[in-house]
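**Student:** Quick one: sequence and predicted model below, then my questions.
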Amino acid sequence: FCLEPAGDTPFRRSIADSAALGCIPVLMNNVSDLTGNLVWDDWREQSRVLLPRDELIAGRLDLGKALARLPRARVALMQ
């Protein structure tokens, strides 16, 4: 998994780099997620993990536990 926090622009080059290298992008910004249509189209849902930024910052969501809950088959498909 590769963490992809929001940057200066909605799309981060590292998102595409991560996916190309088999590292699953973990997005925490809905705006970044919306740019996925430009690159992945229908593959977007199977190419990244989207977690609620506010929940992470407030400590109400444990990143490790959230990622560990993903089914292995889904993770394999994402890679």
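**Tutor:** Looks like it arrived, so ask away.
**Student:** Tell me which strands the host helix or strand of L3 pairs with, and in which orientation.
**Tutor:** L3 is part of strand 2-4, with elements assigned from DSSP states H and E. Here strand 2-4 has these sheet partners by DSSP bridges: strand 25-27 (parallel).
**Student:** Now tell me what touches the strand it pairs with from outside.
**Tutor:** Outside of strand 25-27, the residues that reach it under the criterion C-beta atoms under 8 Å, 6 or more residues apart in numbering are 1-4, 15, 18-19, 33, 47-51, 63, 67. Where C-beta positions appear, they are placed from N, C-alpha and C, glycine not excepted.
**Student:** what's the neighbour count on the residue nearest to G22 when sequence neighbours are not counted?
**Tutor:** The shortest distance from G22 to any residue other than its chain neighbours is 4.8 Å, reached at Q79 (C-beta to C-beta, 6 or more residues apart in numbering). A count of nearby residues for Q79, using other C-beta atoms under 10 Å, gives 11.
**Student:** where does the chain dip in pLDDT?
**Tutor:** 9-11, 31-45 (pLDDT under 70).
**Student:** Next, name the residue at the spatial heart of it.
**Tutor:** Against the mean C-alpha coordinate of the chain, by C-alpha atoms, centre = their mean, the closest residue is V26 at 2.5 Å.
**Student:** Spell out the residue ranges of the helices in the chain.
**Tutor:** Counting by DSSP state H, the chain has these helices, from start to end: 13-20, 30-34, 36-39, 53-57, 63-68, 72-78.
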